[in-house]
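J.: A predicted structure for the sequence below; I have some questions about it.
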Amino acid sequence: MNTVSIAALLPSRPPVAPPFNLGYVVGLLVILLLIVLAFFFLMRKFMKDTSHSQDGDWSHPKADTENPSAFMAASMQGVIEKLRAQEKELARLHLLAQERAQESERLTEEVTRNMPTGLLLVNATGAISSTNPAAETAFAIRPLRYRAYKEILGADSDLTRMLTACLREGKTFQRDEVEHMTPDGQVRRLGVTISPIYRTVRNSVRDVPEHPVSVALDTKISGALCLMSDLTELTALQKQIRWKENLAALGEMSAGIAHEFKNSLATISGYAQMIRSESKPGETRESAERILDQTRALTHVVTEFLRFAKPLEICYESVPIRTLVEKVAEELHEAIPECAVQFEGAFEDLPGDEALLRQALLNLVRNGAQAAKETNSSPRVTISGTIEELGGRKWQRICIADNGPGIPEPDLPKIFLPFYTTKSDGTGLGLAVVQKIALQHAGSIEARNRQGGGAEFLLWLPLRQAPTPSPIVSRAARI
């Protein structure tokens, strides 16, 4: 067969100018025909050489080596079987990888759920996409997921401003402390660490002459990760330690000075009594009376200060709190008859010094009655008790509430300081002594204003004394 005969076999075409070169196509066909003939010749020779080696092999079907089509079909069948085996292996590996991914996801969820640190994941739209139980406990809100962080935290809170700065500007905050107000009015101290989450974005660039389209990698903020720890108990415990250190230092420093004052006042009082007894009625005797009145007042202040400064010796015994509250209510009613006193709730016996606890309760109810009497025509004091289980311990909570004007907000952080008073005739040591008694009983005291008006004092006392000092409960001792 030659080129002319092949060209003669080609179909005739109308006399139109071909879109391509005819000689080039004919040459290409000749080359393809020669390649096919060479392939069949080599395959035939290969079959003859391998036919003897397969005569005794009955495990595989024999292909018809005389028929190239049958051989090709058998070869294709073998390739298909290999592909099916590889497909099964790939399916097995895919299933194994999927199981490993699911196991890793379950492990990640378990770690996130059981970690003591609160986790909050906020996406770029401001919605909370992931959280854990520790974060829900810190915020006292359930559920948190799929809600806007501004709705949960408040639009003007410090934590909201920090998350907004992280999402917009990519700022990172490490070990910062913020305050969070829970829905029930509790103030919690949180230690937070906030960092942005970036994702890689591919951008197409078309302004390069050599390359019409090029790809540039860019990073964008896709969310914010917030880790938080509830430091309320730790902060309260630190305050307790500072208060005890201050009280100890104050007692050591002022005990000697107070005794000297008391001795000097006794001398002044003695001379004033002599002047009064030897003087006739008139200006001199009246001056001596004024000196005696002032020395009595100063002696009272020094005595109260010494009582506050000296260490308390607690004689632990089982104190019936309900009976003690009844006695305190009777004493208040006798001292201020126009004030109505009522008590309610649960009270249990606890270890402590009954005389000191009576003094603390009497100071609290007397302060409440005096404040209510000044601004209310029907003064009322309520003593209520509840049993709380917080921090792994049981606590007796005693709430003394009044219907007075309340405590001014600037005075709330100062009312337990020694010598700080808003009364003209007060010494400023009554609430300081109450706080000292509470601390000596491993408890705490806090003051706050009521939403309906008036103030309330919350006294927390443990129902069982621990051998070592325990952290204060999270809802107490904000003083």
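T.: Here it is on my side, so go on. Numbering: from 1, shown residues only.
J.: how about low-confidence regions in the stretch 201-350 of the chain?
T.: 203-217, 247-248, 250-256, 259, 304-313 (pLDDT under 70).
J.: show me where it has strands.
T.: Remark: strands assigned in the stretch 201-350 of the chain by DSSP state E, counting those that start in this stretch are 214-230, 317-319, 340-345, 350-352.
J.: same question, the stretch 351-479 of the chain
T.: Going by DSSP E, counting those that start in this stretch, the stretch 351-479 of the chain shows strands at 380-390, 393-402, 444-449, 455-462.
J.: for the third one, the distance to its chain's centre please.
T.: I take that to be strand 444-449. 23 Å (Cα atoms, centre = their mean, to the nearest Å).
J.: partner strands of it and their direction?
T.: strand 455-462 (antiparallel) (DSSP bridges).
J.: list the buried residues in the strand it pairs with.
T.: Within strand 455-462, the residues scored as buried using 16 or more other Cβ atoms under 10 Å are A455, E456, F457, L458, L459, W460, L461, P462. Glycine gets a C-beta too; all of them are placed from N, C-alpha and C.
J.: from V192, how far off is the first one?
T.: Taking Cβ to Cβ, to the nearest Å as the measure, A455 and V192 are separated by 32 Å.
J.: low-scoring stretches of the stretch 51-200 of the chain, by residue?
T.: 51-68, 71.
J.: wait, the stretch 351-479 of the chain
T.: Ranges of the stretch 351-479 of the chain meeting pLDDT under 70: 391, 423-427, 465-479.
J.: hey, where'd the helices end up in it?
T.: 354-375, 430-440 (DSSP state H, counting those that start in this stretch).
J.: dump the strands of the stretch 351-479 of the chain into TSV; add distance to I257 as well.
T.: Output for those, formatted as TSV (distance: least, Cβ to Cβ, whole Å):
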stretch	distance to I257
strand 380-390	36
strand 393-402	33
strand 444-449	27
strand 455-462	30
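J.: looking at P19 now. What's its pLDDT?
T.: According to the prediction, P19 has pLDDT 48.
J.: and the angle for the helix or strand containing Q174 with strand 214-230?
T.: Assigned by DSSP states H and E, Q174 belongs to strand 173-181. With axes from the mean of the first three to the mean of the last three Cα atoms, to 10 degrees applied, the angle from strand 173-181 to strand 214-230 works out at 50 degrees.
J.: E348 contacts Q396, correct?
T.: Yes - with contact defined as Cβ atoms under 8 Å, E348 counts as touching Q396 (6.0 Å).
J.: more neighbours: which of these two?
T.: Between E348 and Q396, counting by other Cβ atoms under 10 Å, Q396 is the more crowded of the two (22 against 14).
J.: residue contacts, the more buried one?
T.: I321, F347, E348, L350, G385, I387, W460, L461, P462, L463 (Cβ atoms under 8 Å, 6 or more residues apart in numbering).
J.: tell me how far it lies from L463.
T.: 6 Å.
J.: which residues do the two both contact?
T.: E348, L350, I387.
J.: picking up where we left off before, mean neighbour count, the strands of the stretch 201-350 of the chain: which tops it?
T.: strand 350-352 (a mean of 21; mean count of other Cβ atoms under 10 Å).
J.: ok, that one: who's next to it in the sheet?
T.: Counting by DSSP bridges, strand 350-352 is paired with strand 317-319 (antiparallel).
J.: residues in contact with the partner strand?
T.: Contacts for strand 317-319 (Cβ under 8 Å, 6+ apart): D349, L350, P351, G352, D353, E354, L357.
J.: you'd agree the fifth one is up against Y316?
T.: Yep, that's D353 we're talking about. Yes - counting by Cβ under 8 Å, Y316 is a contact partner of D353 at 6.9 Å.
J.: the two - which one has more neighbours?
T.: Neighbours around D353 and Y316, counted as other Cβ under 10 Å, are more numerous at D353. The numbers are 19 against 11.
J.: who are the contact partners of the more buried one?
T.: L312, I314, C315, Y316, E317, V319, H441.
J.: ok, 7 Å please
T.: I314, C315, Y316 (Cβ atoms under 7 Å, 6 or more residues apart in numbering).
J.: which residue is the nearest non-sequential neighbour of G170?
T.: P196 (4.6 Å; Cβ to Cβ, 6 or more residues apart in numbering).
J.: for that neighbour, give its distance to L431.
T.: Taking Cβ to Cβ, one finds P196 at 47 Å from L431.
J.: show me which of those two is the more surrounded one.
T.: Of the pair P196 and L431, L431 is the one with more neighbours under other Cβ under 10 Å, namely 24 against 19.
J.: now do the strands in the stretch 51-200 of the chain.
T.: Under DSSP E, counting those that start in this stretch, the stretch 51-200 of the chain gives strands at 118-123, 128-131, 173-181, 187-205.
J.: tell me which of the ones you listed lies nearest to P143.
T.: strand 128-131 (7.9 Å; Cβ to Cβ).
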